[in-house]
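Visitor: quick one, fold the following:
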Amino acid sequence: MIHCFGDSWAAGAELKKGQYPFVHWVAEQVGTDYNNFGKNGSSLGIIVHTITQKLTEIKPTDLVLVVVPPDTRWYDENLGRGFFSLSMDQPGDFLKFLNYKTLEWFKYHHALFIYLIQKMLTDCGCTYIMMHNYGQISDTKKYNLNVDYDKFLSEHDLTTLLTETPYTWTNYPDQSPKALQFDSTDGPPLDIFTGKYFSGCQCHPNELGHREIARLLIQKYNDQK
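Guide: Below you'll find the predicted structure:
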């Protein structure tokens, strides 16, 4: 069995009816069934929460795939909604929560979540592969966390792997009074998502892109055996 967790890249956002995300193609190659728990807009905190809810379903023989979203997405909880994600495309709620926190706060907690995911899945005894959709994974060495970078598909993000074009992108809101009047996004500019693997989509892979991610995952999976 394969279990997939993550945000819109795991869920298969922008795919057309009858098309499938990468977990489908990995499962087809491995010859097994799969559960896709990916959900559009999920923060890493929400992904951790989902994994904890599904831990009893994960067996040592299973493969787990985890897409790590941007570190400035966060989450909140209340009686009416339970746990829910907050991102920069919800400027009012997000900036109220932000309350002038620095980028360091986000990097630190992002690193904690990555470590926690790895610890939980290691304790399950399963095989797992993590990947990040855009940006760079923060260097966690200064936090003294035993993060295993070999468990990531690549040191490069999925966008770079699919476009073969390095880019620089800072995902952190400008908290100046003028900037707070405007909506923000939690991903790179749309003109980054170019080439055959993004053709027909705005900011997510098309099915050909998902097939390419699956190919890379199968290669990594075979290397881990």
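Visitor: all contacts plus neighbour counts: C-alpha atoms, from now on.
Guide: Fine.
Visitor: which regions of the protein sit below the pLDDT cut-off?
Guide: Where the chain drops to pLDDT under 70, the residues are 88-91, 170-186.
Visitor: for the residue nearest the centre of it, what are phi and psi?
Guide: When CA atoms, centre = their mean is applied to the chain, the residue found nearest the centroid is residue 68 (2.5 Å). Taking degrees, to the nearest 10, you get phi -90, psi 120 for the backbone angles of residue 68.
Visitor: and it, what does it touch?
Guide: Shown in contact with residue 68 (CA atoms under 8 Å, 6 or more residues apart in numbering): 6-7, 44, 130-133.
Visitor: dump the residues you listed into JSON lines; add secondary structure, distance to residue 213 and neighbour count as well.
Guide: Converted to JSON lines, the contacts of residue 68 look like this (DSSP: H, G, I helix; E, B strand; the rest coil; distance: CA to CA, whole Å; neighbours: other CA atoms under 10 Å):
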{"residue": "6", "secondary structure": "coil", "distance to residue 213": "14", "neighbour count": "30"}
{"residue": "7", "secondary structure": "coil", "distance to residue 213": "15", "neighbour count": "25"}
{"residue": "44", "secondary structure": "helix", "distance to residue 213": "20", "neighbour count": "28"}
{"residue": "130", "secondary structure": "strand", "distance to residue 213": "12", "neighbour count": "22"}
{"residue": "131", "secondary structure": "strand", "distance to residue 213": "10", "neighbour count": "23"}
{"residue": "132", "secondary structure": "strand", "distance to residue 213": "12", "neighbour count": "22"}
{"residue": "133", "secondary structure": "coil", "distance to residue 213": "11", "neighbour count": "22"}
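Visitor: for these, give me a markdown table that also has distance to residue 87.
Guide: What follows is these, written out as a markdown table (distance: CA to CA, whole Å):
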| residue | distance to residue 87 |
| --- | --- |
| 6 | 15 |
| 7 | 12 |
| 44 | 11 |
| 130 | 21 |
| 131 | 20 |
| 132 | 17 |
| 133 | 15 |
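Visitor: who touches the helix or strand containing residue 161?
Guide: Element membership for residue 161 (DSSP states H and E) is helix 158-163. The contact list for helix 158-163, computed with CA under 8 Å, 6+ apart, reads 131-134, 166-167, 193-195, 197, 209, 212-213.
Visitor: can you give me the buried ones in the next helix or strand along the chain from it?
Guide: With elements assigned by DSSP H and E, the helix or strand that comes after helix 158-163 is helix 207-224. With burial defined by 16 or more other CA atoms under 10 Å, the residues of helix 207-224 counted as buried are 207-218, 220-221.
Visitor: how about the longest helix belonging to the chain: buried residues?
Guide: Identified as the longest helix of the chain according to DSSP state H is helix 103-124. By neighbour count with 16+ other CA under 10 Å, helix 103-124 contains the buried residues 106-118, 121, 124.
Visitor: contacts for it, please.
Guide: For helix 103-124, the external contacting residues (CA under 8 Å, 6+ apart) are 44-45, 48, 51, 55, 58-60, 71-72, 127-128, 138, 140, 143, 145-148, 172.
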